[in-house]
Each structure stands twice: as structure tokens, then as C-alpha cells.
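K.L.:
Just need the structure, nothing else, for what follows:
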Amino acid sequence: MGPPPQDNDNLLAEKLRREDPEQYHTLIRMHLSFVLDLHTDECDSGTDKAKNRALKWNLLPFSKKSKTQSKGVMEGAPLTQEGICQVYQLIEFLSKE
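P.N.:
The predicted structure follows:
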């Protein structure tokens with residue numbers, strides 16, 4: 001039997017981080033924007049390389065979130081200590097560049 005699925009995910013993430021750090025960074029930021037329900041205006045500008053890569057994989061760009069339909073503070077996911085720790089770890093990782 002092979003390694004557990006979580007190990008496969010970690011191996012795949014590590015491979016992407018080593019082979020294409022720019023794309024890895026972009027995916028981390030995109031994931032954070034979804035998890036934290038943030039607008040990604042700053043990230044949407046992207047490089048030509050990232051745009052070409054999306055076309056290569058036949059990926060369609062995500063549409064921007066409507067600013068008129070933003071959620072209130074109480075309507076989002078509950079804030080937990082674990083969630084806060086994860087956000088701090090990601091911020092620390094992203095600030096290393």
C-alpha cells in the first residue's frame with residue numbers, strides 16, 4: 001500500500017515549491033484569499049508567465065468578487081486560535097521573500 005493521501009499532498013506541494021516557487025507562492029496567496037474571504041485585486045495582476053501557464057493547463061481565471069456583496073464580520077467562518085496560528089505561519093512564510 002502507498003503512503004496516506006495527506007503524505008501525497010505534502011510531497012506534491014514540496015515538489016511544486018522546489019520546481020516552481022513563483023507558482024507555489026501564487027497558489028498560497030490565492031488559497032489565503034479564499035480562506036480569509038479577501039479581495040485579490042493586488043494578486044490579480046499576475047505575470048505573463050502565470051497567465052501563459054494557466055492557458056497551458058486550460059484553466060479559466062476566477063472572477064473577482066463583487067464588492068457590493070461582501071460579507072459582514074459575523075457572517076464568515078468562526079475565528080479560532082488554530083486559524084489565527086495558521087494565518088500567522090502563512091504570513092511569516094510569505095514575508096520571507
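K.L.:
in which helix or strand would I find the closest residue to residue 36 other than its chain neighbours?
P.N.:
Nearest non-adjacent residue to residue 36, counting by CB to CB, 6 or more residues apart in numbering: residue 87, 7.2 Å away. Every C-beta, even on glycine, is put in place using the N, C-alpha and C of the backbone. Under the criterion DSSP states H and E, the helix or strand holding residue 87 is helix 81-95.
K.L.:
go on, residue 22?
P.N.:
With secondary structure defined by DSSP H and E, residue 22 is part of helix 21-35.
K.L.:
got the CA coordinates for that helix in CSV?
P.N.:
Once side chains and other backbone atoms are set aside, the C-alpha atoms of helix 21-35 remain, and they are given as CSV (Å, rounded to 0.1, in the frame of the first residue of the first chain):
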residue,chain,number,x,y,z
PRO,A,21,8.4,28.7,-6.4
GLU,A,22,6.6,31.6,-8.1
GLN,A,23,3.6,29.4,-8.9
TYR,A,24,3.7,28.0,-5.4
HIS,A,25,3.6,31.5,-3.9
THR,A,26,0.7,32.5,-6.2
LEU,A,27,-1.3,29.4,-5.1
ILE,A,28,-0.6,30.1,-1.4
ARG,A,29,-1.8,33.7,-1.8
MET,A,30,-4.9,32.6,-3.8
HIS,A,31,-5.7,29.9,-1.1
LEU,A,32,-5.4,32.6,1.6
SER,A,33,-7.7,34.9,-0.2
PHE,A,34,-10.4,32.2,-0.4
VAL,A,35,-10.0,31.1,3.2
